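[1] sequence and predicted structure, then a few things I'm wondering about:
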Amino acid sequence: MFIDTHCHLSKEYYDDIDLVVEENKKTGISKMIVSGCDKESILESMLFASKYSDVYLTIGYHPSEADVICEKDLILLENQLNNEKVIGIGEIGLDYHYGKENMEKQKELFRYQLDLASRISMPVVIHSRDATLDTINILKEYPNVKGIIHCFSGSLETANIYISMGYKLGIGGVLTFKNSNLFKVVQGVGLDNIVLETDAPYLTPEPFRGKTNSSKYISVIADRVAELLNVSVEEVSDITTKNTLDLFDLI
């Protein structure tokens with residue numbers, strides 16, 4: 001059995017949510033952790049969590065929301081964190097890929113949500129794109145906060161910095177891409193420091209690229225991890241599941 005630690009479940013991407021959840025169960029997915037990262041997806045994901053027993057949530061405001069977030073949105077976030085299905089805050093972080101014009105707003109939103117996580121002792125899911133140094137420096141301000149570096153694709157050196165700070169690396173479909181060097185990171189850090197994710201509907205693994213991604217493809221990622229570390233898929237399942245359960249305090 002596997003846990004998909006990061007996916008986006010929405011009617012925007014899937015015609016039949018019931019079918020998606022059922023397919024995931026049939027392919028060995030015991031739990032899906034859905035990321036609600038803007039106001040609309042937070043509210044939608046809350047409905048899915050109440051309907052499906054195996055759907056859990058991390059909610060928070062993605063850095064792309066930094067220019068539009070208002071106080072009412074922050075209050076909405078805090079109020080939803082009381083729901084028993086909400087197990088973390090995320091995805092939150094920094095994204096400079098399209099420029100740094102609103103860099104200070106992103107940092108302010110990032111710190112606000114890290115403050116919140118620190119205050120209520122909740123793990124976080126971190127988005128960092130073209131902003132590694134700033135991400136690391138801000139996370140160092142919150143040594144008691146732990147979580148996942150979502151969709152990690154950096155160097156082994158960077159991976160070890162995050163791990164030394166108490167974070168797990170989210171490993172997804174990029175690991176299967178022919179031009180990816182992520183295999184060096186997985187081999188370098190081992191199973192104890194990773195969790196599995198799909199980021200569905202994005203980043204579909206080989207050989208299914210071109211199709212809409214889904215949690216049902218997480219076994220493809222697990223197969224690649226097992227191959228790289230010369231271990232069984234069962235061991236990948238056992239250890240990455242334990243990592244996830246321990247981090248999010250799930251049973």
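    Sure thing, it's come through.
[2] quick one: distance of the biggest strand by length in the chain to the chain centre.
    Assignment by DSSP state E gives strand 86-95 as the longest strand of the chain. Counting by Cα atoms, centre = their mean, to the nearest Å, strand 86-95 is centred 8 Å from the centre of its parent chain.
[3] quickly run through the sheet partners of it, with directions.
    Using DSSP bridges, strand 86-95 pairs in its sheet with strand 55-59 (parallel), strand 124-129 (parallel).
[4] want to throw those into JSON lines with mean neighbour count, mean pLDDT and distance to Val189?
    Backbone N, C-alpha and C define where each C-beta goes, glycine included. Output for the strands paired with strand 86-95, formatted as JSON lines (neighbours: other Cβ atoms under 10 Å; pLDDT from 0 to 100; distance: least, Cβ to Cβ, whole Å):
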{"stretch": "strand 55-59", "mean neighbour count": "25", "mean pLDDT": "98", "distance to Val189": "22"}
{"stretch": "strand 124-129", "mean neighbour count": "25", "mean pLDDT": "98", "distance to Val189": "16"}
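[5] output these as JSON lines; include the columns distance to Gly99.
    Formatted as JSON lines, the strands paired with strand 86-95 follow (distance: least, Cβ to Cβ, whole Å):
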{"stretch": "strand 55-59", "distance to Gly99": "26"}
{"stretch": "strand 124-129", "distance to Gly99": "12"}
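[6] Ser215: which of the ones you listed is closest?
    Nearest to Ser215 among these is strand 55-59 (10.1 Å), distances taken as Cβ to Cβ.
[7] show residues contacting the closest one.
    The contact list for strand 55-59 (Cβ atoms under 8 Å, 6 or more residues apart in numbering) reads 6, 9, 21, 31-37, 42, 45-46, 48-49, 77, 80-81, 83, 85-91, 125, 248, 250.
[8] hmm, who's touching stretch 150-161?
    With Cβ under 8 Å, 6+ apart, stretch 150-161 has contacts from 6, 90-91, 93, 125-127, 132, 136, 162, 169-172, 174, 180, 182, 184-185, 188-189, 193, 197, 199, 203.
[9] on the three-state scheme, Phe152 is what?
    coil (DSSP: H, G, I helix; E, B strand; the rest coil).
[10] tell me how many other residues crowd it.
    26 (other Cβ atoms under 10 Å).
[11] report the angle between the biggest helix by length in the chain and strand 55-59.
    When the chain is parsed with DSSP state H, its longest helix is helix 103-120. Going by axes from the mean of the first three to the mean of the last three Cα atoms, to 10 degrees, helix 103-120 is angled at 130 degrees with respect to strand 55-59.
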